[in-house]
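Enquirer: pasting a predicted model and its sequence here:
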Amino acid sequence: MIEMIKASKVYSEDVEALKDISVSIASGEMFFIIGMSGAGKTTLLKLISSMEAPTSGLIEIAGQPVHLLKGYKLARLRQKIGVAYQDFKLLTDRTAAENIAISMEVSYKKPQIIRKRVKDLLAALDLTDKHNKITGELSRGEQQRVTLARAIANSPAMILVDEPTGNLDAETTEKVIKLLTKCNKSGATVVIATHDDLIYRHTPHRIMELQKGSILSVIRGNGL
Amino acid sequence: MSFWFTVIRQVGRNLRQTWSSQLMTLLTVTLSVLIFSFFYLVYTNMLKWGDRLGDDLSLIVYLEEEPGPELREQLIKKITTFDEVEKISFITRAQAYQRFAEQLGQNQDVLNDLPKDFLPPSIEVIPLKNLRSLNQVKLFSAYLEKLPGTVKVQYGHEWIEKFYYFTKLLSIVMLLSGTLLILTTIFMVAYTIRLTILGRKDELELLKLVGATNNYIRVPFLLEGLLQGILGSTFGIISLYILFNWIKLRFSDPGYLTMFEFSFFPPTVSITIVGISILLCTFGSFSTMQKFLRV
């Protein structure tokens, strides 16, 4: 699904965010990217989601070099990728339901399907009562869950999540992980960037550790 | 959800978010169309009036001698070399006397003591009834005056000349108001669309990230420009029609507009003005998108 070969990202002479990253993530895999703040986790997700282009190297998704895609092909690819950004990127003057619906509207889903999906997702994330609430008025934790709901709403083939539990309590964290696992079980490739070891401590999936933009290790979790 | 349903919803949202600037743009487009079409209406009516004036307009070239057949041919050639004309007639001394006598009617006795060849022979030149030819009357007269054997050239009245200067002035005003129409429609629409784009910057960025296609993002803005064009120009033409009827009603006393017989545009002209305004507004919106909405 995702192929990265010697991908690097340099912002300026002094800032080398990623250095020669080579990794393959299979279709339907759940994959964790861990590391300290500034290790390059977010940059890696931005490269995969084609928000940014690599300075050098190759990144392919389903055999397509993402940084070379443009126009309609790029739009179609992005529809298949759900991203929950660390800075949420919510429209703070719209309701939670409207924010979640956006990702389905761009792929012209029927209104009744959108309404049902939005309801189900809000229920799964304990946000039913926030359906018509303006997201600007929600707490950070609630905003984070709306962001996650928007990322998975369109049932994408790939889900990229950046620090999904940063603002959540233990109970909600568990719910979020449960939801992501459910998506993964139904076939989606899930890539989670986090520094919260509670999430990956007992995972049976692969974990890649980044340090100062380079791969420190790629190990399989013990699954305990 | 169909493409057009989504697009129309986006347009509605844009209009709601920036309604005050949209209203200002609509007003500007309406006013520009009104100003331009007003001058164009006056101009076209003046042209029609000019055509009617042309019916009475002829140049009379008084000659020293009656020209023989060969000289007549040469004079016709010389006249048509300068400009195409509708008619050239040669008036002999006898014909001139005859006409004069007819004009005098019952008083033609006064001519009894005069010789029948006391009036000079002349050429009557009727120019083509179009504004270009009529505007050239003065130049034409100067040219005819220089023809060998010409004594004097007489034409129309001085006020006819003034009238054509007036139509010339009108054509300049029309050109200026046309330029105003083009500039205001393009720039105002472009500016409003730019405001909308800036106001929805975050949303547009998000739309790109969740996979919205170029058409999904751009078509609503293009439709906005189109809508401004349709509404602005239609309101402009309707306002002109109301103004036209009001003026007609107020100044319908004899001596005013009845002399001019003002008439409104035929439907094709109105549709053309609306069509051109729509094109200009859409172009304004398109140019902004090309500049500020690179997807």
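Expert: Structure's in. What do you need?
Enquirer: from the contact counts, what lies against the helix or strand of chain A with the lowest mean pLDDT?
Expert: When each helix and strand of chain A is scored by mean pLDDT, DSSP states H and E, helix A:197-200 comes last, with a mean of 83. When contacts are defined as 3 or more Cβ pairs under 8 Å, 6 or more residues apart in numbering or on different chains; DSSP states H and E, helix A:197-200 packs onto strand A:30-34, helix A:170-185, strand A:189-194. Every C-beta, even on glycine, is put in place using the N, C-alpha and C of the backbone.
Enquirer: would TSV of those with distance to B:M188, mean pLDDT and mean neighbour count be doable?
Expert: Formatted as TSV, the helices and strands packed on helix A:197-200 follow (distance: least, Cβ to Cβ, whole Å; pLDDT from 0 to 100; neighbours: other Cβ atoms under 10 Å in any protein chain shown):
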stretch	distance to B:M188	mean pLDDT	mean neighbour count
strand A:30-34	49	94	23
helix A:170-185	48	87	16
strand A:189-194	46	94	24
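Enquirer: wait, which of these is closest to B:Y241?
Expert: Counting by Cβ to Cβ, B:Y241 lies closest to helix A:170-185 out of the helices and strands packed on helix A:197-200; the figure is 61.8 Å.
Enquirer: so who does the residue in the stretch 101-250 of chain B that chain A sits nearest to touch?
Expert: Nearest residue of the stretch 101-250 of chain B to chain A: B:G211, at 3.3 Å (Cβ to the nearest Cβ). By Cβ atoms under 8 Å, 6 or more residues apart in numbering or on different chains, the residues touching B:G211 are A:A75, A:R76, A:L77, A:R78, A:Q79, A:K80, A:I81, A:S103, A:V106, A:S107.
Enquirer: which of those ranks first by neighbour count?
Expert: Counting neighbours by other Cβ atoms under 10 Å in any protein chain shown, A:S103 leads the contacts of B:G211 with 29 neighbours.
Enquirer: quick one: that residue is in a strand?
Expert: No: under DSSP: H, G, I helix; E, B strand; the rest coil, A:S103 falls outside any strand and is assigned helix.
Enquirer: ok, and of the contacts of B:G211, which contact chain B?
Expert: By Cβ under 8 Å from any Cβ of the partner chain, the members of the contacts of B:G211 lying near chain B are A:A75, A:R76, A:L77, A:R78, A:Q79, A:K80, A:I81, A:S103, A:V106, A:S107.
Enquirer: picking that back up, among the contacts of B:G211, name the ones in helices.
Expert: A:A75, A:R76, A:L77, A:R78, A:Q79, A:S103 (DSSP state H).
Enquirer: rewinding a little: need the CA coordinates for the least confident helix or strand of chain A. PDB is fine.
Expert: C-alpha atoms of helix A:197-200 as PDB (Å, rounded to 0.1, in the frame of the first residue of the first chain):
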ATOM      1  CA  ASP A 197       3.000   4.600  24.900                       C
ATOM      2  CA  LEU A 198      -0.400   3.600  26.300                       C
ATOM      3  CA  ILE A 199      -1.700   3.100  22.800                       C
ATOM      4  CA  TYR A 200       1.100   0.900  21.400                       C
END
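Enquirer: rewinding a little: redo the ones in helices among the contacts of B:G211 as JSON lines? Include distance to A:V176 and pLDDT.
Expert: Shown next, in JSON lines, are the ones in helices among the contacts of B:G211 (distance: Cβ to Cβ, whole Å; pLDDT from 0 to 100):
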{"residue": "A:A75", "distance to A:V176": "28", "pLDDT": "90"}
{"residue": "A:R76", "distance to A:V176": "28", "pLDDT": "90"}
{"residue": "A:L77", "distance to A:V176": "25", "pLDDT": "90"}
{"residue": "A:R78", "distance to A:V176": "23", "pLDDT": "91"}
{"residue": "A:Q79", "distance to A:V176": "23", "pLDDT": "91"}
{"residue": "A:S103", "distance to A:V176": "17", "pLDDT": "90"}
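Enquirer: would you mark the buried spots in the one helix or strand B:F235 maps to?
Expert: Applying DSSP states H and E as the criterion places B:F235 in helix B:214-250. If you call a residue buried by 16 or more other Cβ atoms under 10 Å in any protein chain shown, then helix B:214-250 has these buried ones: B:214, B:216-237, B:239-240, B:244.
Enquirer: that helix packs against which elements?
Expert: helix A:71-79, helix B:3-17, helix B:19-55, helix B:158-199, helix B:201-209, helix B:267-292.
Enquirer: how about a cut-off of 6 Å?
Expert: On a contact count with 3 or more Cβ pairs under 6 Å, 6 or more residues apart in numbering or on different chains; DSSP states H and E, helix B:214-250 meets helix B:3-17, helix B:19-55, helix B:158-199, helix B:267-292.
Enquirer: tell me which residues of the shortest one are tucked away?
Expert: Residues of helix B:3-17 classed as buried: B:T6, B:V7, B:Q10, B:V11, B:N14, B:Q17 (neighbour count, 16+ other Cβ under 10 Å).
Enquirer: and the gap between the fourth one and B:K168?
Expert: As defined by Cβ to Cβ, to the nearest Å, B:V11 lies at a distance of 44 Å from B:K168.
Enquirer: how's chain B carved up into domains?
Expert: According to automatic domain parsing, chain B comprises the domains B:3-52+B:162-292, B:57-155.
Enquirer: for chain A, same thing?
Expert: A:1-80+A:157-224, A:85-155.
Enquirer: I'd like the distance from the first one to the chain centre, please.
Expert: Put simply, domain A:1-80+A:157-224 sits 7 Å off its chain's centre (Cα atoms, centre = their mean, to the nearest Å).
Enquirer: go on, the last one?
Expert: Computed by Cα atoms, centre = their mean, the chain-centroid distance of domain A:85-155 equals 15 Å.
Enquirer: A:T92 looks like it's in a strand, true?
Expert: No: assessed with three-state DSSP, A:T92 is coil; it does not lie in a strand.
Enquirer: who are the contact partners of it?
Expert: A:T135, A:G136 (Cβ atoms under 6 Å, 6 or more residues apart in numbering or on different chains).
Enquirer: next one: phi and psi at it?
Expert: Note on A:T92: backbone dihedrals following degrees, to the nearest 10 are phi -70, psi -10.
Enquirer: near chain A, which residues of chain B are found?
Expert: The interface of chain B toward chain A, taken as Cβ under 6 Å from any Cβ of the partner chain, is made up of B:M1, B:T6, B:E203, B:L206, B:V210, B:G211, B:A212, B:T213, B:Y216.
Enquirer: so how far is B:P148 from B:L195?
Expert: 71 Å.
Enquirer: now stretch B:91-98 - C-alpha only, CSV.
Expert: Extracted C-alpha coordinates of stretch B:91-98, given in CSV (Å, rounded to 0.1, in the frame of the first residue of the first chain):
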residue,chain,number,x,y,z
ILE,B,91,-29.6,71.4,-62.8
THR,B,92,-29.5,73.6,-65.9
ARG,B,93,-30.1,77.3,-65.8
ALA,B,94,-33.6,76.7,-67.3
GLN,B,95,-34.4,74.0,-64.7
ALA,B,96,-33.3,76.3,-61.9
TYR,B,97,-35.5,79.1,-63.3
GLN,B,98,-38.4,76.7,-63.5
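Enquirer: neighbouring contacts of it?
Expert: With Cβ under 6 Å, 6+ apart, stretch B:91-98 has contacts from B:E66, B:K116, B:D117, B:L119, B:P121, B:S122.
Enquirer: what residues sit buried inside it?
Expert: Applying 16+ other Cβ under 10 Å to stretch B:91-98 flags B:I91, B:R93, B:A96, B:Y97 as buried.
Enquirer: pLDDT wise, what is the third one at?
Expert: Spelled out, that is B:A96. According to the prediction, B:A96 has pLDDT 88.
Enquirer: host element of it?
Expert: helix B:93-104.
Enquirer: now do B:V137 against A:L47, distance only.
Expert: In terms of Cβ to Cβ, B:V137 sits 78 Å off from A:L47.
Enquirer: now do B:F163
Expert: Counting by Cβ to Cβ, the gap from B:F163 to A:L47 is 75 Å.
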